[in-house]
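*Asks:* Could you work out the structure for the sequence below:
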Amino acid sequence: MHKITFLIVFSLLNFALVFGQEKAMSKEEMAVFKKEIIQQNQAIKTLSTDFVQYKNMSFLSKEIESKGKMLLAAPNRLHWKYTSPFEYSVIFSNQKISINDQGKKNNIDLGNNKKFAKINAMIIGSISGNIFDNNEFKISYFNDKSKRIAKLKPLQKDISQYIAEIVLTFEKDQKTVSEVKLIEPSKDYTRIVFQNKKINPNLKDADFTH
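*Replies:* Below is the predicted model:
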């Protein structure tokens, strides 16, 4: 009797493990997924979303959590505005990065810094999902229950020395990114979860200036 009970429990545990694992997409599934995302991206001109960011560092016992709002305007304007636990904002616009650290402002010219320009394009592509045809990444696709996942590994050393892998998560009932995970070579990572997303809201030029 005990042996039968053990076998049943063992079988259920194995089923749970298998069921919860990511499963690589077939070529047909990949083609459908990429087509859906690309079609959605072509319709996105602007995007507004709240976010919660979790920073995981190996020497800390607890994740660092911060919250804020993100605005995106195609093709290359992005505004990260952190509101908690402190105020801090970063704007990517017109080949420049503008930083406002609690009133202290700084600007970086992307035109003179190809590394920052690549990172800017990668961030915007990751958020919008408009990155799948980029030949600078090795991309793998997976299904996991109600989610679809794309894992991107940078092929260029000037990026891979900072980011080992980007993991994009899409809820199956959505065609925009619901979560971005940036994994560093050290295995530390930043995970950003998007909430209250609005597609094509009315954004102004003032939303991308400090």
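
*Asks:* so Tyr82 touches Met70, yeah?
*Replies:* No - taking contact to mean C-beta atoms under 8 Å, the distance of 9.8 Å between Tyr82 and Met70 leaves them out of contact. Using the backbone N, CA and C atoms, a C-beta is placed for each residue, glycine as well.

*Asks:* how many neighbours does the residue nearest to Ser58 when sequence neighbours are not counted have?
*Replies:* Spatially, and ignoring its direct neighbours in sequence, Ser58 is nearest to Asp188 (5.9 Å; C-beta to C-beta, 6 or more residues apart in numbering). For Asp188, the tally of surrounding residues (other C-beta atoms under 10 Å) stands at 15.

*Asks:* ok, now Leu47?
*Replies:* The burial count assigned to Leu47 is 22, neighbours taken as other C-beta under 10 Å.

*Asks:* before we move on, what about Phe33?
*Replies:* 20.

*Asks:* Run through the residues that contact it.
*Replies:* When contacts are counted by C-beta atoms under 8 Å, 6 or more residues apart in numbering, Phe33 is found next to 25, 141, 148.

*Asks:* Enumerate the positions of the helix or strand containing it that are buried.
*Replies:* Under the criterion of DSSP states H and E, Phe33 resides in helix 27-43. Within helix 27-43, the residues scored as buried using 16 or more other C-beta atoms under 10 Å are 30, 33-34, 37, 40-41.

*Asks:* My understanding was that the residue nearest to Ser58 contacts Asn56; is that so?
*Replies:* Yes - the pair Asp188 and Asn56 passes the contact test of C-beta under 8 Å, sitting 6.1 Å apart.

*Asks:* List the backbone torsions phi and psi for Gln161.
*Replies:* With angles defined as degrees, to the nearest 10, Gln161 sits at phi -70, psi -20.

*Asks:* Look up how far Lys105 lies from it.
*Replies:* Going from Gln161 to Lys105 by C-beta to C-beta, to the nearest Å gives 28 Å.

*Asks:* Okay, strands next: where are they in this protein?
*Replies:* For the chain, the strands identified by DSSP state E occupy 23-24, 46-56, 64-73, 77-84, 88-93, 96-101, 104-109, 137-144, 147-154, 165-171, 179-183, 189-199, in order along the chain.
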